[in-house]
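J.: can't give you the sequence, but here's the structure:
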């Protein structure tokens with residue numbers, strides 16, 4: 001019996017990073033396992049209730065779509081709620097800015113009324129202001145008493161600021177008194193331009209006579 005020469009077969013193995021194929025396989029398999037698990041559960045549930053596998057899978061797909069739709073609706077509701085909170089905060093900020101703008105405008109107007117008197121003399125010492133009361137219309141008001149300490153009759157322009165408990169100006173007005181005789185006193189009422197509440201004080205910011 002003739003012997004055939006033996007042929008040595010050598011298998012060459014190309015070295016690769018040991019974990020590269022494994023990671024790729026794991027990534028593919030994880031998604032596959034999840035899908036398979038969902039389908040399997042749906043099929044088992046369907047089969048146990050007498051449904052065919054294809055019907056069970058279809059039912060599972062429908063339920064998944066319903067769940068996704070519910071999640072999207074919840075996300076939309078949360079976004080709407082967040083937008084509502086943002087709008088409310090913006091509305092409050094706008095209201096505060098509007099009040100500040102009104103106070104600033106009133107202060108500027110009252111200051112201009114006093115500054116517009118040409119040749120006027122400082123007369124703050126001639127003016128006394130009483131306590132603030134809130135009228136039935138919501139406006140703050142305070143009684144002014146002007147005493148002319150000069151030697152002749154004078155007209156007066158008095159700037160009164162209405163402040164809160166911290167001294168912040170909330171409103172301002174200018175009051176004019178005509179022809180206060182020398183050595184005599186006259187009274188007038190300073191009234192706010194808008195409704196004020198809480199702690200309100202009246203302060204004589206400036207006064208001139210001419």
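T.: Sure thing, it's come through. Predicted, not measured: the structure shown is a model, and the values here were computed from it.
J.: Can you show me the strands along the chain?
T.: 121-122, 127-134, 139-147, 154-163, 169-180, 185-195, 201-209 (DSSP state E).
J.: Pull out the buried residues from the second one.
T.: By 16 or more other Cβ atoms under 10 Å, the buried positions in strand 127-134 come out as 127, 129, 132. (C-beta placed from N, C-alpha, C; glycine too.)
J.: how big is the angle separating that strand from strand 139-147?
T.: Following axes from the mean of the first three to the mean of the last three Cα atoms, to 10 degrees, one obtains 160 degrees for the angle between strand 127-134 and strand 139-147.
J.: what packs against strand 127-134?
T.: strand 139-147, strand 154-163, strand 201-209 (3 or more Cβ pairs under 8 Å, 6 or more residues apart in numbering; DSSP states H and E).
J.: now do 6 Å
T.: For strand 127-134, the contact count by 3 or more Cβ pairs under 6 Å, 6 or more residues apart in numbering; DSSP states H and E identifies strand 139-147, strand 201-209 as packing neighbours.
J.: circling back to that earlier point, identify, from the buried residues of strand 127-134, the entry nearest to residue 143.
T.: For those, the closest approach to residue 143 (Cβ to Cβ) belongs to residue 129, at 7.3 Å.
J.: How about that closest one: what's its closest non-neighbour residue?
T.: Residue nearest to residue 129 in three dimensions, not counting chain neighbours: residue 202, with 4.9 Å by Cβ to Cβ, 6 or more residues apart in numbering.
J.: Repeat that for residue 139.
T.: Using Cβ to Cβ, 6+ apart, the closest residue to residue 139 is residue 192 (4.9 Å).
J.: Listing request: residues of this protein with sub-threshold pLDDT.
T.: For the chain, the stretches flagged by pLDDT under 70 are 1-96.
J.: hmm, back to that, how much space between the residue nearest to residue 129 and residue 162?
T.: Between residue 202 and residue 162 the computed distance is 6 Å (Cβ to Cβ, to the nearest Å).
J.: burial measure for the closest residue in space to residue 210 that isn't next to it in sequence, as a count.
T.: Closest residue to residue 210 apart from its sequence neighbours, by Cβ to Cβ, 6+ apart: residue 120 at 4.4 Å. Residue 120 has 18 neighbouring residues, counting by other Cβ atoms under 10 Å.
J.: and the end-to-end length of stretch 119-136?
T.: 39 Å (Cα to Cα, to the nearest Å).
J.: Much appreciated, bye for now.
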